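> here is a sequence with its predicted model. Questions after.
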Amino acid sequence: MSFFKNIFSKEKKETLDKGLEKTKTSFFSKLSKVVAGKSKVDDDVLDHLEEVLVASDVGVATTLKIIERIEERVAKDKYVGTDALNQLLREEIAGLLSETNLGNETEFTVPIANSPHVIMVVGVNGVGKTTTIGKLASQFKKQGLKVVLGAADTFRAAAIDQLQIWADRTQVPIVRQEMGSDPASVAFDTLSSALTQNADVVIIDTAGRLHNKVNLMNELTKIKRVMQKVVADAPHEVLLVLDGSTGQNAFEQAKQFTKATEVTSLAVTKLDGTAKGGVVIGISDQFQIPVKYIGVGEGIDDLQVFNKHEFVDSFFK
C-alpha cells in the first residue's frame with residue numbers, strides 16, 4: 001500500500017509543471033543566451049551562468065556554491081560541452097536539495113507518535129499563511145485525520161474571520177476569541193479542546209508582525225510555554241510560510257523569523273504566479289530547513305507536499 005502512496009499522481013505532476021512554468025521559461029531563456037555560440041563550458045559561460053542564477057532568485061551564496069561545484073566537475077572532466085550544462089545543473093541542484101529535504105513524501109502525513117501533532121504556523125501578513133493553514137486542514141482531513149484550528153493571530157479581526165471561513169469550508173472545528181485577546185490563551189484553549197476531541201492534528205495561526213522582533217520572539221515563546229502546559233512537547237513543528245513571489249524579500253523574512261524562533265519546516269507559496277521559483281533552492285540551502293510544502297496554484301488542492309525529485313524534474317523538463 002505504501003508503494004502506491006508514494007507515487008506522485010499525474011494530476012499533481014501536471015499542476016507542479018504548470019506552477020513552475022514561469023520560472024522555468026524565464027530561467028531557460030536566460031540560459032540559452034549564455035550558451036549561444038559556445039561549444040564548451042568555460043569561465044565566460046560560468047560567469048554568465050552565475051548572473052542567471054542570481055537573477056532567478058537562487059541567492060548569491062547558493063549560486064556561488066553551485067558554480068563552484070560545476071567548476072570542479074569541469075576541471076575534473078577537462079572538457080564539458082555546453083549541451084551537458086543542463087544535466088550538470090540538474091544534478092547539482094538536486095544534490096543541494098537532498099542535503100536539506102528528505103523529499104520522498106507525496107502525501108500529507110503527521111508522525112503518529114505525537115497525538116495530537118501540534119503545528120504552530122508563523123509568517124508575515126500577506127504571504128498566504130491563513131490560506132496555507134486552510135489548505136493543510138483540508139489535506140489532512142482527506143487523509144482521515146481529525147483536525148482542530150486555533151486562531152491565535154488575535155491582532156487582526158480579518159485574520160480570525162479568514163480562518164473561520166476556512167474552518168467552515170473544510171468543516172473542521174476552530175477555537176477563537178475576540179480580537180485583542182491573549183494569543184497564548186487561544187493556543188491553550190485550542191489544545192485543551194483538541195485533547196477533548198481526540199484530534200490528530202492541531203494547527204495554530206500566529207500574528208505576522210516583524211517590525212518589532214523582540215515582541216514577536218516574546219510572544220511566540222509565551223505561546224509555546226503555555227501550550228506545553230497542555231501538551232508537554234508542543235509544538236512539534238514550527239512552520240514558516242514564505243511568499244515565493246517576493247524573491248529576495250522571502251530570504252529576509254526567513255532570516256528574521258529564524259532569529260525570532262526555532263523554525264523546523266517551510267512552506268513556499270504563490271510559485272505559480274512568478275518567475276522567482278529559484279528562491280526555493282536558495283532558501284532550502286541557506287537556512288538548512290526542509291521545505292515541506294509548496295503552493296503552485298489557488299485551488300484547495302494546489303498546496304503540495306514538496307518532493308525534491310519532482311520539483312527538479314519539473315524545473316528541468
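Here it is on my side, so go on. Numbers count the residues shown, from 1 in each chain.

> what packs against the helix or strand encompassing residue 163?
Taking DSSP states H and E as the criterion, residue 163 maps to helix 157-170. Other helices and strands packing on helix 157-170, by 3 or more CB pairs under 8 Å, 6 or more residues apart in numbering; DSSP states H and E, are helix 129-142, strand 147-152, strand 174-175. (C-beta placed from N, C-alpha, C; glycine too.)

> and with 10 Å instead?
helix 129-142, strand 147-152, strand 174-175, strand 201-206 (3 or more CB pairs under 10 Å, 6 or more residues apart in numbering; DSSP states H and E).

> so what pairs up with residue 119 in the strands?
residue 203, residue 237 (DSSP bridges).

> nearest to residue 58, of the helices and strands packed on helix 157-170?
When those are compared by CB to CB, helix 129-142 sits nearest residue 58, at 23.0 Å.

> all strands of the protein, in order?
117-122, 147-152, 174-175, 201-206, 237-243, 265-269, 291-295, 303-305 (DSSP state E).

> want to try TSV for the helices and strands packed on helix 157-170, with mean neighbour count and distance to residue 317 as columns?
Listed next are the helices and strands packed on helix 157-170 as TSV, based on neighbours: other CB atoms under 10 Å; distance: least, CB to CB, whole Å:
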stretch	mean neighbour count	distance to residue 317
helix 129-142	23	25
strand 147-152	29	34
strand 174-175	22	40
strand 201-206	28	33
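
> which one of these lies closest to residue 297?
helix 129-142 (10.3 Å).

> and the angle from that closest one to strand 147-152?
160 degrees (axes from the mean of the first three to the mean of the last three CA atoms, to 10 degrees).

> okay, helix 129-142 in CSV with CA atoms only?
What follows is helix 129-142, C-alpha atoms only, in CSV (Å, rounded to 0.1, in the frame of the first residue of the first chain):
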residue,chain,number,x,y,z
LYS,A,129,-0.4,32.0,5.9
THR,A,130,-4.1,31.6,6.7
THR,A,131,-4.8,30.1,3.2
THR,A,132,-2.0,27.6,3.7
ILE,A,133,-3.5,26.6,7.1
GLY,A,134,-6.9,26.1,5.4
LYS,A,135,-5.5,24.0,2.6
LEU,A,136,-3.4,22.0,5.1
ALA,A,137,-6.5,21.3,7.2
SER,A,138,-8.3,20.1,4.0
GLN,A,139,-5.5,17.8,3.0
PHE,A,140,-5.1,16.3,6.5
LYS,A,141,-8.8,15.7,6.7
LYS,A,142,-8.7,13.9,3.3
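
> would you confirm that residue 220 contacts residue 257?
Yes: if you go by CB atoms under 10 Å, residue 220 and residue 257 touch, sitting 9.1 Å apart.

> and these two? Which one has more around it.
Per other CB atoms under 10 Å, whichever of residue 220 and residue 257 has more neighbours is residue 257, with 26 against 23.

> give me every residue that touches the closest residue to that one other than its chain neighbours.
In space, not counting the residues next to it along the chain, residue 257 is nearest to residue 240; the distance is 5.2 Å by CB to CB, 6 or more residues apart in numbering. When contacts are counted by CB atoms under 10 Å, 6 or more residues apart in numbering, residue 240 touches 120-124, 127, 129, 250, 253-254, 256-258, 260-261, 263-268, 283, 287, 289, 292.
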